[in-house]
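Participant: I would like to see how this sequence folds:
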Amino acid sequence: MADGLRRACLWSMPRSVSTAMVKCLSYVDGIQVVNQLYAVGHYMGVTGELPEPDPNNSTVCQILDTIRRFDVEKDKASGIDYTMLSYQWIRDEVLEASYPDKKLLLCRDQAQYLNGRYDMLPRGFKHSFLIRHPIRVFRSYKTFLANMWGCEIPDMRALPPIAFPSGCGFKELYDLAEYVRENIDPSPVILDADDLLQDPAGILSTYCSRMGIPYSDNLLSWQADGDDITKTWIMGNIVQASNRRNGFYKRAFESVGFEEPSLLPDLASLPDDVQACVEYSMDYYERLHRERIKPQNN
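Facilitator: Coordinates of the predicted model:
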């Protein structure tokens, strides 16, 4: 594509401050954000694969019931109708489309929602990866999933694949980073959310420099509501509806800057399934962590 538009992808783990980071970058002049269309395609789109109803599995029944409620409420929200969202449509009609009045297209999503369909990656993009320590991710993710599906989650690993990835998300992110490294860009940009929170100016300025995004210190603080910014994002109407119901983005949308991280809790203090997910994911995390943007005081 020779339209002069710079195109960037930010692939992240759940619960990794990615919404706040994208809200921050939304104040870059001439940017257009595409927010989690692959996620909607995964759950609800043409290529989505919902689990079969199982009267003996109350968790699956609750997940399907929650998705049906989101479906009913979607018409009250703005955004792209999820019934259009095949992976190919997302790639061809949104990510590879022309945006003549924009300077930068930023796609934010999660590797687990791509389901290994690397043939559906858009062309002409610079890829970056946002990681976070698995303890922080899974401690928060367990609570998030319970709120999202409206039921207790005794063991995240027992959820159907549509609700929790087989590789806990970290394997999927690592595999995508390796694919990008081997086939698209030998030096994809990797940053750690805790580094970003501890050194916003240093990490964000380096990230922007490597991604070809204009940086200024004005990006380090923003409006608490920011509706004039976030309403410009391209996303599915079901994401708007689910956020309205559950407030998934509430904390990030109401933020005014990056907050310092709390102390890392002791692994042994966490539920068994959280511990198991952390232990499974640490190797993938550490491999990516070694290649991350380093804080300036290191």
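Participant: give me the below-cutoff pLDDT ranges for the stretch 1-150 of the chain.
Facilitator: Where the stretch 1-150 of the chain drops to pLDDT under 70, the residues are 1-2, 46-49, 70-77.
Participant: can you give me the strands in it?
Facilitator: 6-12, 31-35, 104-109, 126-131 (DSSP state E, counting those that start in this stretch).
Participant: in TSV, list those strands along with distance to residue 150 and mean neighbour count.
Facilitator: C-beta: built from backbone N, CA, C; applies to glycine. Output for the strands of the stretch 1-150 of the chain, formatted as TSV (distance: least, Cβ to Cβ, whole Å; neighbours: other Cβ atoms under 10 Å):
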stretch	distance to residue 150	mean neighbour count
strand 6-12	24	22
strand 31-35	23	22
strand 104-109	24	24
strand 126-131	28	23
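Participant: out of those, which is closest to residue 290?
Facilitator: strand 126-131 (10.8 Å; Cβ to Cβ).
Participant: got the contact list for that closest one?
Facilitator: 6-13, 16-18, 21, 170, 173, 176-177, 180, 184-185, 188-193, 207, 210-212, 285, 288-289, 292 (Cβ atoms under 8 Å, 6 or more residues apart in numbering).
Participant: now swap in stretch 291-298 and tell me
Facilitator: 131, 189-192, 195, 198-199, 202-203, 206-207, 210.
Participant: quick one: buried ones out of these?
Facilitator: 131, 189-192, 195, 199, 202-203, 206-207, 210 (16 or more other Cβ atoms under 10 Å).
Participant: now for the residues you listed: which two are most distant?
Facilitator: Top of the distance list for those (Cβ to Cβ): 131 and 202, 16.9 Å.
Participant: a markdown table for the contacts of stretch 291-298, including secondary structure and distance to residue 67?
Facilitator: Listed next are the contacts of stretch 291-298 as a markdown table, based on DSSP: H, G, I helix; E, B strand; the rest coil; distance: Cβ to Cβ, whole Å:
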| residue | secondary structure | distance to residue 67 |
| --- | --- | --- |
| 131 | strand | 28 |
| 189 | strand | 34 |
| 190 | strand | 33 |
| 191 | strand | 32 |
| 192 | strand | 32 |
| 195 | helix | 35 |
| 198 | helix | 37 |
| 199 | coil | 39 |
| 202 | helix | 41 |
| 203 | helix | 36 |
| 206 | helix | 39 |
| 207 | helix | 34 |
| 210 | helix | 38 |
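Participant: residue 56: which of those is nearest?
Facilitator: Closest approach between the contacts of stretch 291-298 and residue 56, by Cβ to Cβ: residue 131, at 37.3 Å.
Participant: what distance do you get for the closest one to residue 15?
Facilitator: To residue 15, residue 131 is 11 Å away according to Cβ to Cβ, to the nearest Å.
Participant: picking that back up, can you say which of the strands of the stretch 1-150 of the chain is nearest to residue 219?
Facilitator: strand 31-35 (10.9 Å).
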